[in-house]
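Student: missing the sequence, but the structure's below:
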């Protein structure tokens, strides 16, 4: 069964550093997403990406965040200057728009 | 703004019991509803997807129903097993435009005791 692959599984970074989280969505999917889950809280939407551009972003997704699909297969989330409150599990997902999401296994980001 | 609520927050049952997890949502204009399973510190595994035009979906021991007009869904697990222990998340996708985002509930933490 096709999978969404995320790397790394766990990343520890110093406050103020830039991080890039990587995802390989399912190849024939059209819509790509990033979600995050702070420990003990709900999974919350960050951004959706379609046709090589952002289609929607949440209020969490401020200027410190950016997404890219640099080469037609990878989908990245960059956080420019990490804060302690960015510590969370970040999930990448993709779908066709009709049949439901497939999520990756997540990247646990710890900002120290 | 769509709000999704899951009741109960936690549930502990002996092995073999049948159980029901509840999900409610405030805006009935949904495209579909998806149930996920999350093991501790892990990703989200899709269990069942119900389109807005459907009333229920079944997969093995799992059955999910949808009553869109009342804003409710239930996940029924038959003959529970210790391996079913996990957090179960409900998520709705709203109708409209280019917005295909999901809104999640906080989940129900299920413990099945041997």
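Tutor: Perfect, thanks for sending it. Not measured: the values here are computed from a predicted model.

Student: ends of stretch A:14-24, how far apart?
Tutor: 25 Å (C-alpha to C-alpha, to the nearest Å).

Student: ok, now which ones touch residue A:92?
Tutor: Residue A:92 is in contact with A:4, A:6, A:21, A:23, A:25, A:32, A:33, A:34, A:75, A:77, A:103, A:104, counting by C-beta atoms under 8 Å, 6 or more residues apart in numbering or on different chains. (C-beta placed from N, C-alpha, C; glycine too.)

Student: from chain B, how far out is the closest residue to it other than its chain neighbours?
Tutor: With C-beta to C-beta, 6 or more residues apart in numbering or on different chains as the criterion, residue A:92 has its nearest non-adjacent residue at 3.4 Å, and that residue is residue A:23. Per C-beta to the nearest C-beta, to the nearest Å, residue A:23 is found 12 Å from chain B.

Student: what lies in contact with whichever strand or helix holds residue A:23?
Tutor: If you go by DSSP states H and E, residue A:23 is part of strand A:19-24. The contact list for strand A:19-24 (C-beta under 8 Å, 6+ apart) reads A:4-8, A:11, A:13, A:32, A:34, A:73-79, A:82, A:90, A:92, A:104, A:107, A:109.

Student: and residue 44, how many neighbours?
Tutor: I'll assume chain A. Residue A:44 has 16 neighbours, counted by other C-beta atoms under 10 Å in any protein chain shown.

Student: hm, I was asking about chain B
Tutor: 27.

Student: ok, stretch A:65-76 near chain B or not?
Tutor: No. Judged by C-beta under 8 Å from any C-beta of the partner chain, stretch A:65-76 stays clear of chain B, getting no closer than 13.9 Å.

Student: and chain A, which residues reach chain B?
Tutor: For chain A, the contact set with chain B under C-beta under 8 Å from any C-beta comprises A:31, A:33, A:35, A:41-45, A:48, A:50, A:55-56, A:89, A:91, A:95, A:97, A:99-106, A:108.

Student: buried subset of those residues as a ChimeraX selection?
Tutor: Only the buried entries of the residues of chain A next to chain B go into this ChimeraX selection, using 16 or more other C-beta atoms under 10 Å in any protein chain shown:
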select /A:31,33,35,42,43,44,45,48,55,56,89,91,95,100,101,102,103,104,105,106,108
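
Student: next one: residue B:96, what pLDDT does it get?
Tutor: What the model reports for residue B:96 is a pLDDT of 66.

Student: can you check residue A:95 too?
Tutor: Here the pLDDT value assigned to residue A:95 is 89.

Student: so it touches residue B:100, yeah?
Tutor: Yes. Between residue A:95 and residue B:100 there is a contact under C-beta atoms under 8 Å: 7.1 Å.

Student: joint contacts of the two?
Tutor: Joint contacts of residue A:95 and residue B:100 (C-beta under 8 Å, 6+ apart) are A:31, A:33.

Student: only the buried subset of the contacts of strand A:19-24, as a PyMOL command please.
Tutor: Remark: buried members of the contacts of strand A:19-24, expressed as a PyMOL selection using 16+ other C-beta under 10 Å:
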select buried, chain A and resi 4+6+11+13+32+34+75+77+79+82+90+92+104+107+109
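
Student: okay, and which of the contacts of strand A:19-24 map to strands?
Tutor: Among those, the members found in strands (DSSP state E) are A:5-7, A:11, A:13, A:32, A:34, A:75-79, A:90, A:92, A:107, A:109.
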